[in-house]
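Novice: what shape does this take:
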Amino acid sequence: EPHARRAAGAALALQEATGAVAAAHPGWPRFRVGVNTGLAAVGVVGTGGGRTYTVIGDTVNVASRLEGHAPVAGVVVGAATRAALGGGAITEPLGERQVKGREGAVEAYVLRGLVEG
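Specialist: Alright, predicted model coming up:
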């Protein structure tokens, strides 16, 4: 399935929706989004009333760190996501970024849009 495209589309839709709300309500908070592609553990964690559905793993951690490099009201994707999107994405390179929990830098791109097709 086109997971990367669906995640990128959801991220852009979130920014569009919050932008519409912010336009109608001055001072409304704006958000940053980070998207990364790779393996993750998905499931229910916790016991009793403290159970929650979540995803964990290095892929998720890197997405969280990429989020901090996104412009306000923007979306940043990692190199694996950019590669999975192929020519179907409009991006601007941010270059390599140091992220917590990684010895090496992570390649990042600002996602401006998706190409139909």
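
Novice: any idea how far Thr81 is from Thr47?
Specialist: Distance, Thr81 to Thr47, by Cβ to Cβ, to the nearest Å: 33 Å. (Glycine included, C-beta is placed from N, CA and C.)

Novice: those two - which one has more neighbours?
Specialist: Taking Thr81 and Thr47 together and counting by other Cβ atoms under 10 Å, Thr81 has the greater number of neighbours (29 against 7).

Novice: so the more buried one: helix, strand or coil?
Specialist: What DSSP: H, G, I helix; E, B strand; the rest coil gives for Thr81 is helix.

Novice: might you report the residue contacts of it?
Specialist: By Cβ atoms under 8 Å, 6 or more residues apart in numbering, Thr81 lies in contact with Ala4, Ala7, Ala8, Val35, Asn36, Thr37.

Novice: strands of the chain, start to end?
Specialist: With strands called from DSSP state E, the chain shows them at 33-35, 41-45, 52-56, 75-78, 89-97, 106-114.

Novice: can I get these in TSV with mean neighbour count and distance to Ser64?
Specialist: Listed next are the strands of the chain as TSV, based on neighbours: other Cβ atoms under 10 Å; distance: least, Cβ to Cβ, whole Å:
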stretch	mean neighbour count	distance to Ser64
strand 33-35	24	6
strand 41-45	10	15
strand 52-56	11	11
strand 75-78	28	11
strand 89-97	14	13
strand 106-114	18	12
